[in-house]
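*Asks:* how would this look folded up:
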Amino acid sequence: QVRLVESGGGLVQAGGSLRLSCAGSTRTDTYYRVAWFRQAPGKDRELIVSSRKSIPETYYANSAKGRFTIFRDDAKKMWSLQMNNLKPEDTAVYYCAAASRIVPGRKAEDYNDWGQGTQVTVSS
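*Replies:* Predicted structure coming up:
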């Protein structure tokens, strides 16, 4: 497993915005799928968004639809998550993830590379 490098996160008031970024590993030739997960205290890790390379197929969890957008630069192996209209229930540790093979991408075990996690806290 390769460690991806995350940045962004922090404390924001409800209704505010944050952008998370993730950089892939130079040791990996291609990431076929990239994603963002989050995990709140006492809860399971939850898939927020998953995006497949080359084919316009992006999955958003219902909790993210209309508020979160994934951007990816495959040439630079970088992707980001723009989060708007944040709510207190979005408070969690956010993880970027990437798969170097073609996978469905709905489960955490589909991904072989992970970021270290970054805390997002939304105050009411």
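*Asks:* Please make it C-alpha for all contacts and neighbour counts, starting now.
*Replies:* Fine.
*Asks:* hey, where'd the strands end up in this structure?
*Replies:* With strands called from DSSP state E, the chain shows them at 3-7, 10-13, 18-23, 33-39, 46-52, 58-60, 68-73, 78-83, 92-99, 113-115, 118-123.
*Asks:* And for the residue lying closest to Y95 once chain neighbours are set aside, the neighbour number?
*Replies:* Spatial nearest neighbour of Y95, excluding adjacent residues (CA to CA, 6 or more residues apart in numbering): G117 at 4.5 Å. Each residue near G117 was counted by other CA atoms under 10 Å, and the total is 20.
*Asks:* thinking again about what came up before, any chance of the strands of the chain in CSV with distance to K107 and mean neighbour count as columns?
*Replies:* Output for the strands of the chain, formatted as CSV (distance: least, CA to CA, whole Å; neighbours: other CA atoms under 10 Å):
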stretch, distance to K107, mean neighbour count
strand 3-7, 18, 19
strand 10-13, 26, 15
strand 18-23, 19, 20
strand 33-39, 10, 24
strand 46-52, 7, 22
strand 58-60, 12, 17
strand 68-73, 18, 16
strand 78-83, 18, 19
strand 92-99, 11, 26
strand 113-115, 13, 21
strand 118-123, 20, 20
